[in-house]
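In: Need coordinates for the following:
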Amino acid sequence: PAQAEIGVEVLAEEDPAEARALMVARMEQDRYRPFELREPNLVRVRLYRLPEGGDRITLTFPHILMDGRSFPQVTRDLVLELLRPGATASFPPVPSFRDFVHWLHGREEEQLESDRAFWCGYLAGSEVEAPPRATARGASGERREVERVLDHGGTARLRDLAMASGVGIGAVVQAAWGLLLARTEGTDDLLFGVVRTGRPAVAGGEAIPGAGEDGVGVFINALPFRFRTDGVARLGDLLREVGRSNRSIRPHEYAPLVQIQKWSGRAGGEPLFETLHIHDHGHLDDQLRQALQAVVGMGVDGGGGEEGTPSVCAELVERTPYPITLYSYDGEGLRLRLAHDTGALPEVEADDLADRLLALLEAMQAGPETPLLHLDALLPAEREAVLERWNDTARSFDLDTTLHARVFERLREDTGRIAVSMATDGLSAGELDRLSARLAGHLAGLGVGPGDLVGVALPRSTDQVVTLLAVLRLGAAYLPLDPSYPEERLSFMVE
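Out: Got it, this is the predicted structure:
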């Protein structure tokens, strides 16, 4: 059988800070060193021994090997074996992931047509969303995370909202994320990714072999979720619609994403979604610490145990292939973690996005009857700008000066600068002044004077600007007549 790649490094630097810095550098190198999936060693274990005492263990593996819920169990057994060799021999065997894979393959053959019909209908006419404000940006490969936590009271109110709407708190976060993306992209119909755990013991009345909470393997599946707000007026209605959509997906949640991509009919290489939402009932770091505490019997508190008791700090670092991944964890306080590629979404914009999501979740606490239009994701500084600074438009004007007089005053300040620019030609300020004066003289000879109305039937051009200013010079008004309008409509406007 394949063995894990195990390495031990004793960090002998005299300065503890230098030793820790070297350890962090080694961990980063290991994290970004790719795996060759055809080779048997798909797990790398590193043990670092620090000069001031204490060990640090890292476990690195590709996500294709196991999902996040498997990680605490595997790490628990690994640490226990390191501390007490042979201790896991008495553990009951975990369900066989091979049995789950066989069940999955059999299901795909039986349900292929049903899955195809569902996903084709579900995705028909949908649009993929882009990372907010990330158009024309590339992926830099640099990964960063932003974390926000909703307080205990706010989390309790969201749970009440979820219960009143017949959904879980994960669906509330899902709705808030969809609203934020929809408003950012200016649409009422979009796709974003969601992750299903794939761990129910029973599906459609059938027991699923190898599944369940104690299974070890990659049970999760990323799927497109279609988010719509058209025709939805209130928050409770939106949450119920999100719940209905999630339930409709459930019988088809084992369909492979690569197959759904083909069924969607999208051009080759075009992703179904570019942001991903992952919700879990507890933070995986906490689950990992609890697993170690329960089995190994250590003081695991993230910062030191009781005197004389070894202490373990545990952290799970994940990376998805998507530019933006939102993790949400239910707990005493709802935790939000936004992982993003800094090339697709710069740091400042990612911070703003996390703050907006938190603001939207706070606004949703008003209850299920809240109109969607009242759910505000503006940040305090933005609210002040929209309501105060941008509305402060009072200016002092000389009411005895006409509009065209002010225009010509500016034109004569610098006659050489470009005043009108088109794709194929342009006019300087001096040229615009002279041409409009010449045309005004011609119109005056035709009898145009103050108070008259002059029809102007010209396409967008330098000639149009010259004509409008010429009419204004005479104290007359102009009626724009678009040459592309039907003749009947133009006749009606003139009459």
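In: going forward, measure contacts and count neighbours with C-alpha atoms only.
Out: Fine.
In: Report the separation between Ala24 and Arg31.
Out: Quick fix: residue 24 is Val, not Ala. Distance from Val24 to Arg31, counting by CA to CA, to the nearest Å: 10 Å.
In: So for the two, which sits in the more crowded spot?
Out: More neighbours surround Arg31 than the other of Val24 and Arg31, with 18 against 12 (other CA atoms under 10 Å).
In: Can you name every helix or strand that whichever strand or helix holds Arg434 contacts?
Out: Here Arg434 sits within helix 429-445, counting by DSSP states H and E. With contacts defined as 3 or more CA pairs under 8 Å, 6 or more residues apart in numbering; DSSP states H and E, the secondary structure elements packing on helix 429-445 are helix 403-411, strand 418-421, helix 462-473.
In: Give the buried residues for stretch 406-415.
Out: Residues 408, 411 are the ones in stretch 406-415 that count as buried (16 or more other CA atoms under 10 Å).
In: Leu453 is in contact with Pro480, correct?
Out: No. Using CA atoms under 8 Å, Pro480 makes no contact with Leu453, being 10.4 Å away.
In: any idea how far the spatially closest residue to Asp376 that is not a sequence neighbour is from Gln174?
Out: Once flanking residues are discounted, Asp376 sits nearest to Leu360: 6.0 Å by CA to CA, 6 or more residues apart in numbering. In this structure, Leu360 and Gln174 are 12 Å apart, going by CA to CA.
In: try Ala124
Out: From Ala124 across to Gln174, the span is 21 Å (CA to CA).
In: What are the buried residues along the longest helix belonging to the chain?
Out: Assignment by DSSP state H gives helix 97-123 as the longest helix of the chain. Residues 97, 100-101, 104, 108, 115-116, 118-120, 122-123 are the ones in helix 97-123 that count as buried (16+ other CA under 10 Å).
In: circling back: what about Ala124 and Gln174, which has more around it?
Out: When Ala124 and Gln174 are compared for neighbours, Gln174 comes out ahead with 24 against 10, by other CA under 10 Å.
In: residues touching the more buried one, list them.
Out: The contact partners of Gln174, by CA atoms under 8 Å, 6 or more residues apart in numbering, come to 242, 277.
In: That one falls within a helix, correct?
Out: Yes. According to DSSP: H, G, I helix; E, B strand; the rest coil, Gln174 belongs to a helix.
In: any idea of the pLDDT on the closest residue to Ala457 other than its chain neighbours?
Out: What sits nearest to Ala457 in space, not counting adjacent residues and going by CA to CA, 6+ apart, is Leu481, at 4.5 Å. Leu481 carries a pLDDT value of 91.
In: Distance check, Leu481 against Thr462.
Out: Counting by CA to CA, the gap from Leu481 to Thr462 is 16 Å.
In: can you list the weak-confidence ranges in the stretch 51-200 of the chain?
Out: Low-confidence regions of the stretch 51-200 of the chain, defined by pLDDT under 70, span residues 83, 128-141.
In: Name the surrounding residues that touch the helix holding Arg434.
Out: Outside helix 429-445, the residues that touch it by CA under 8 Å, 6+ apart are 408, 411-412, 414-420, 466-467, 469-471, 473-474.
In: Please type out the PyMOL selection for whichever of these turn out to be buried.
Out: Filtering the contacts of helix 429-445 down to the buried ones (16+ other CA under 10 Å) takes a single PyMOL command:
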select buried, resi 408+411+419+420+466+467+469+470+471+473+474
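In: List the buried residues for the host helix or strand of Ser248?
Out: Per DSSP H and E, Ser248 falls inside helix 235-249. Buried positions in helix 235-249, judged by neighbour count with 16+ other CA under 10 Å: 235-243, 246, 249.
In: What's the local residue count around the residue nearest to Ala457?
Out: When neighbours are counted by other CA under 10 Å, Leu481 comes out with 17.
In: Tell me who's in contact with it.
Out: Here Leu481 is in contact with 455-458, 490, 493 (CA under 8 Å, 6+ apart).
In: Can you list the low-confidence ranges for the stretch 201-350 of the chain?
Out: Across the stretch 201-350 of the chain, the ranges flagged by pLDDT under 70 are 201-205, 267-269, 282-316.
In: mind running it again at 50?
Out: Residue ranges of the stretch 201-350 of the chain with pLDDT under 50: 298-309.
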